[in-house]
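K.L.:
How does the following fold in three dimensions:
(one chain, ligands or ions: 1)
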Amino acid sequence: MIIVGAGISGISAARHLQIDCPNKTFAILEGRQNIGGTWDLFKYPGIRSDSDMYTLGFRFRPWTSTKAIADGPSIMKYLNESVDEYGLKEKIHFGQKVKKASWSTEKALWTLEVNVEGSAAPVVYTCNFLSVCAGYYNYDAGYTPEFNGIENFKGPVVHPQKWTPDIDYNNKRVVVIGSGATAVTLVPELAKKAAHVTMLQRSPTYIFSRPDEDKLANWMNRNLPAGMAYTITRWKNVSLGLLFYSLSRKYPDFIKGLLIKGIKKELGEDFDVEKHFSPTYKPWDQRVCLVPNGDLFQAIKSGAASVVTDHIDTFTEHGIQLKSGELLEADMIVTATGLNVQLLGGIELMVDGKVPDVGNTVSYKSIMFSDIPNLTMAFGYTNASWTLKVDLTNQYMCRLLNYMDAKKWRICTPRQKDPTLQLHPFTDFSAGYIQRKLHNLPKQGNKKPWLLKQNYLFDLMNIRHGEIVNEVLEFS
Ligand SMILES: Cc1cc2nc3c(=O)[nH]c(=O)nc-3n(C[C@H](O)[C@H](O)[C@H](O)COP(=O)(O)OP(=O)(O)OC[C@H]3O[C@@H](n4cnc5c(N)ncnc54)[C@H](O)[C@@H]3O)c2cc1C
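P.N.:
Next comes the predicted model:
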């Protein structure tokens, strides 16, 4: 079988295969020249996780560093050590980008057309089963809205996805456009060296502060076996995350009040928290951003950074003219305006000579697609660590493969034939980057196994402990 992508999900898929399907042979095709995906691609100052590493890390490999919120290089170290320990390097074919995948029912085979870096002709691979662990966004370019007059600005305009280490922001006036996880990571970090950093947002985001170290986890790490300490901390954080999310959905006003109160405590009563940090949507309609040790608030309090909530009228030679009439002077502008969501690593699919319309398929447990055989996709949570779901996905894939081998089935396809099934969008997450591409994402149904809940406990019961054979999965 073939795994596409050597990011955290692809490494997880490979390790699950080693553990649960020791007789399977597999290769990993990775479009870039390194493992790590997101954690190798993004090089902007301060790059870090915004979920805790006890739930972002692999279930089978304890995270033992003292930082629960980890920087990019520490995450890369963990991934590199994992790949070395499991002997996965030789399984990864670097610089091999999968362009097309064509399924033949007659042969029970996927045929992949792969662009190899430095080679003009594509290479062809075949496999019976495809595990796509290609993340959820286009690696070539991030999302930048059309800004009026952007060409007039004399200084550099940088998207964080394209940040390179030589970019100099020392003593510069920097404007960071955006209010998501990347913007709130960048602002305090840039503020350490820049003359001033302004976070320019159209609308506020929910933000909360948490220490970057988990004292209880560190105590357990010192006093208990690593595996035990990790499991306890992982479950503690899964439970707290689920509690926070479900309370936010049930009592949005109450949770909103608590979040706003937390920020007022950090910034003082004189700061206009209502204007800059009180969103109009409910908590978890979009991702709630974590700032470790209140670093963003410290930067604002010290005067090194500030927040402006306004709309851009036009870029000028020396900055940004706002709709309110204010002019924001800048030497450099960072467009932390998001990603271009892309499913399946941009691979063009073909099933028995026809191009499937993925946006009109129904997602099977958020792992497979209706009418697309022998293909799983690692697509994680948006309201918790991505990898909690990916771990379940990869474990399910192994259970499915073992069942198929035991019964000598070669093909497995989810089929949606229930006329009473109501179809809904893949997610109700209202973040712009998801909404822009919602039409390209599969639908979900109102009943199991087509129902997607973004809830680890629900998925644990349905995916890890749920049935393999049901009326929906067709084997041949
Ligand atoms: C800046 C940033 C911070 C984030 N922080 C968090 C966080 O704190 N917590 C969290 O849960 N999530 C976070 N996320 C989401 C994050 O992307 C995932 O958690 C995780 O890294 C995804 O891993 P992945 O392996 O699924 O995908 P990726 O990391 O995107 O890796 C995909 C890999 O597949 C390869 N690939 C793609 N297409 C092809 C193809 N056609 N052929 C061959 N190879 C291909 C890519 O080159 C890449 O190596 C963050 C995302 C970003 C952008």
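K.L.:
who in this protein is up against the ligand?
P.N.:
For the chain, the residues in contact with the ligand (C-beta under 6 Å from any ligand atom) are 4-10, 29-32, 37-38, 42, 49-51, 56, 97-98, 133-135, 139, 182, 345-347, 378, 385-386. The C-beta positions use only the backbone N, C-alpha and C, and glycine is treated the same way.
K.L.:
mind listing what residue 150 touches?
P.N.:
Applying C-beta atoms under 8 Å, 6 or more residues apart in numbering, we find residue 150 in contact with 157, 315.
K.L.:
Setting aside sequence neighbours, what's the nearest residue to the residue most central in space within the chain?
P.N.:
Nearest to the mean C-alpha position of the chain, by C-alpha atoms, centre = their mean, lies residue 386 at 5.7 Å. By the measure of C-beta to C-beta, 6 or more residues apart in numbering, the closest residue to residue 386 outside its immediate chain neighbours is residue 380, 3.0 Å from it.
K.L.:
Could I get the pLDDT score of residue 434?
P.N.:
The per-residue pLDDT reported for residue 434 equals 77.
K.L.:
any idea how the chain splits into domains?
P.N.:
By the assignment in automatic domain parsing, the chain contains the domains 2-140+340-475, 150-335.
K.L.:
residue of the stretch 101-250 of the chain with the smallest distance to the ligand?
P.N.:
Closest residue of the stretch 101-250 of the chain to the ligand, C-beta to the nearest ligand atom: residue 135 (2.3 Å).
K.L.:
oh, I was asking about the stretch 201-350 of the chain
P.N.:
residue 345 (2.6 Å).
K.L.:
Was I right to think that residue contacts residue 136?
P.N.:
No - applying C-beta atoms under 8 Å as the test, residue 345 and residue 136 come out as separate, 9.5 Å apart.
K.L.:
ok, which stretches of the stretch 351-476 of the chain are strands?
P.N.:
363-364, 368-369, 375-377, 412-414, 423-424, 444-445, 473-475 (DSSP state E, counting those that start in this stretch).
K.L.:
how about those strands in JSON lines, adding mean pLDDT?
P.N.:
What follows is the strands of the stretch 351-476 of the chain, written out as JSON lines (pLDDT from 0 to 100):
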{"stretch": "strand 363-364", "mean pLDDT": "97"}
{"stretch": "strand 368-369", "mean pLDDT": "98"}
{"stretch": "strand 375-377", "mean pLDDT": "98"}
{"stretch": "strand 412-414", "mean pLDDT": "98"}
{"stretch": "strand 423-424", "mean pLDDT": "93"}
{"stretch": "strand 444-445", "mean pLDDT": "96"}
{"stretch": "strand 473-475", "mean pLDDT": "98"}
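K.L.:
Including mean neighbour count, could the ones you listed go into CSV?
P.N.:
Output for those, formatted as CSV (neighbours: other C-beta atoms under 10 Å):
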stretch, mean neighbour count
strand 363-364, 24
strand 368-369, 26
strand 375-377, 25
strand 412-414, 21
strand 423-424, 14
strand 444-445, 22
strand 473-475, 16
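K.L.:
residue ranges with poor pLDDT in the stretch 51-200 of the chain?
P.N.:
For the stretch 51-200 of the chain, no stretch has pLDDT under 70.
K.L.:
wait, what's in contact with the residue nearest to residue 386?
P.N.:
Counting by C-beta under 8 Å, 6+ apart, the residues that residue 380 touches are 9, 386, 387, 388, 389, 390.
K.L.:
In the protein, what residue spans correspond to helices?
P.N.:
8-20, 38-41, 53-56, 72-85, 181-191, 215-223, 226-250, 252-267, 273-277, 295-302, 386-407, 432-435, 456-459 (DSSP state H).
K.L.:
weakest of these in terms of mean pLDDT?
P.N.:
helix 432-435 (a mean of 76).
K.L.:
List the buried residues in that helix.
P.N.:
432, 433, 434 (16 or more other C-beta atoms under 10 Å).
K.L.:
Thanks a lot, see you next time.
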